[in-house]
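Peer 1: what follows is a predicted protein model with its sequence.
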Amino acid sequence: MNPTEHSVAFGAPGIEPRWTSSAKEGLGTAYHTSCRVWFTLSHGIVNEIYYPTVDQPNTRDFQFLISDGKTFCHEEKRDLDHRIEYPERDCPFYRLTNSEPSGRYRLIKHVLTDPHRSVLLVHTKVEVLDESLRGKLHLYALLAPHIARRGAGNSGRCSEVGGNKLLHAERNNVHLVMGCSAGFSRRSVGFVGASDGWQDLMDNFKMDWEFQAAENGNIALIGEINLQDGDEFAIAIALGGSYQSTVAKLLQSLAEPFDVHREAYVRQWQRTVINPKYDFSDHTSDGGSMYRLSRCILLAHEDKTFQGAL
């Protein structure tokens with residue numbers, strides 16, 4: 001048996017917490033007021049996830065670690081080449097393509113929020129381009145909670161509801177739960193700089209630790225994606241005021257196909273276009289795309305409690 005499977009992580013309270021880069025490349029939220037989650041993007045990954053208002057961040061960042069278990073472990077934001085695209089007009093919906101520099105594999109991620117719930121959704125496809133790596137890649141979801149605006153004093157644990165293996169973090173009556181449509185084959189919670197998943201994988205390119213809890217510190221959650229049934233899956237990160245309500249939102253979001261969420265998210269945003277002829281496509285060098293995206297970013301900052309306020 002793995003000796004860490006029932007234990008508390010070592011190294012409390014972890015290193016001093018820091019926020020991520022302020023050089024943002026994207027921002028999004030559902031247009032509907034029932035979704036109280038906003039997200040930012042940079043370096044090919046999700047940075048802060050804001051809840052329940054646009055000024056309260058709850059994460060430092062969320063990214064994948066990719067390993068062959070023997071010779072390398074790559075970190076999305078540092079080791080891969082990034083491309084950002086906008087698959088739909090008049091909508092802050094993003095396609096992030098992160099490619100290994102020598103062309104052996106790439107991750108294609110579509111990022112949005114549930115159109116009616118406070119849940120971030122990241123649909124991911126793993127494309128292995130080098131045959132020698134086929135069937136050998138391991139993918140790990142790594143999330144750094146900074147709940148209710150602070151990286152210190154966060155507590156996390158592995159949890160399970162109805163056979164769904166989840167990762168849970170909380171502070172100050174705000175709860176964050178991460179799940180995966182394909183399921184996690186292994187999970188761990190650790191203190192940053194000591195027992196977190198990044199330290200574990202960079203040591204020998206394998207996940208050796210499966211700590212069940214880390215209390216009151218600067219923590220990180222990690223889950224190995226179960227890729228047995230295919231190369232596509234969705235990660236869901238839900239936020240709420242109680243563990244039970246947050247898990248309910250997460251499981252409801254994962255129960256619906258990603259394409260259903262995508263269609264509703266895009267439709268909500270495209271309804272905000274009052275007169276499509278004023279899109280400046282004929283008067284700008286980029287076909288009006290910067291104007292349309294800028295308009296969406298302004299609307300994304302609209303207050304969801306007091307209509308019309310920014």
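Peer 2: Nice, thanks for sending it over. Owing to the predicted nature of the structure, the values given are computational and were not obtained by experimental measurement.
Peer 1: helix, strand, or coil at residue 124?
Peer 2: Classification of residue 124 using DSSP: H, G, I helix; E, B strand; the rest coil returns strand.
Peer 1: so it bridges to which residues?
Peer 2: residue 109, residue 233 (DSSP bridges).
Peer 1: neighbours of it, how many?
Peer 2: When neighbours are defined as other C-beta atoms under 10 Å, residue 124 has 24 of them. No exception for glycine: its C-beta is placed from N, CA and C like everyone else's.
Peer 1: can you give me phi and psi for residue 251?
Peer 2: Backbone dihedrals for residue 251, given as degrees, to the nearest 10, come out at phi -70, psi -30.
Peer 1: who are the neighbours in contact with it?
Peer 2: Applying C-beta atoms under 8 Å, 6 or more residues apart in numbering to residue 251 gives the contacts 161, 162, 164, 179.
Peer 1: now those in a markdown table, with secondary structure, distance to residue 152 and neighbour count?
Peer 2: Compiled in a markdown table, the contacts of residue 251 are given as follows (DSSP: H, G, I helix; E, B strand; the rest coil; distance: C-beta to C-beta, whole Å; neighbours: other C-beta atoms under 10 Å):
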| residue | secondary structure | distance to residue 152 | neighbour count |
| --- | --- | --- | --- |
| 161 | strand | 28 | 16 |
| 162 | coil | 33 | 6 |
| 164 | strand | 29 | 17 |
| 179 | strand | 25 | 27 |
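Peer 1: biggest separation within those residues, which pair?
Peer 2: The most widely separated members of these, counting by C-beta to C-beta, are 162 and 179 (11.1 Å).
Peer 1: could you give the number of residues near residue 116?
Peer 2: Using other C-beta under 10 Å, residue 116 is surrounded by 18 other residues.
Peer 1: pretty sure residue 116 contacts residue 36?
Peer 2: No: judged on C-beta atoms under 8 Å, residue 116 makes no contact with residue 36 at a distance of 10.8 Å.
Peer 1: so where's the chain uncertain?
Peer 2: Where the chain drops to pLDDT under 70, the residues are 1, 3.
Peer 1: let's see that with 90 instead.
Peer 2: Within the chain, the ranges that satisfy pLDDT under 90 run 1-6, 21, 274-281, 306-310.
Peer 1: now do the helices in it.
Peer 2: 76-79, 197-204, 243-255, 258-270, 289-300 (DSSP state H).
Peer 1: redo the ones you listed as TSV? Include distance to residue 63.
Peer 2: What follows is those, written out as TSV (distance: least, C-beta to C-beta, whole Å):
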stretch	distance to residue 63
helix 76-79	4
helix 197-204	10
helix 243-255	19
helix 258-270	19
helix 289-300	22
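Peer 1: with respect to residue 125, which of these lies nearest?
Peer 2: Minimum separation from residue 125 across those (C-beta to C-beta) falls at helix 258-270, 10.7 Å.
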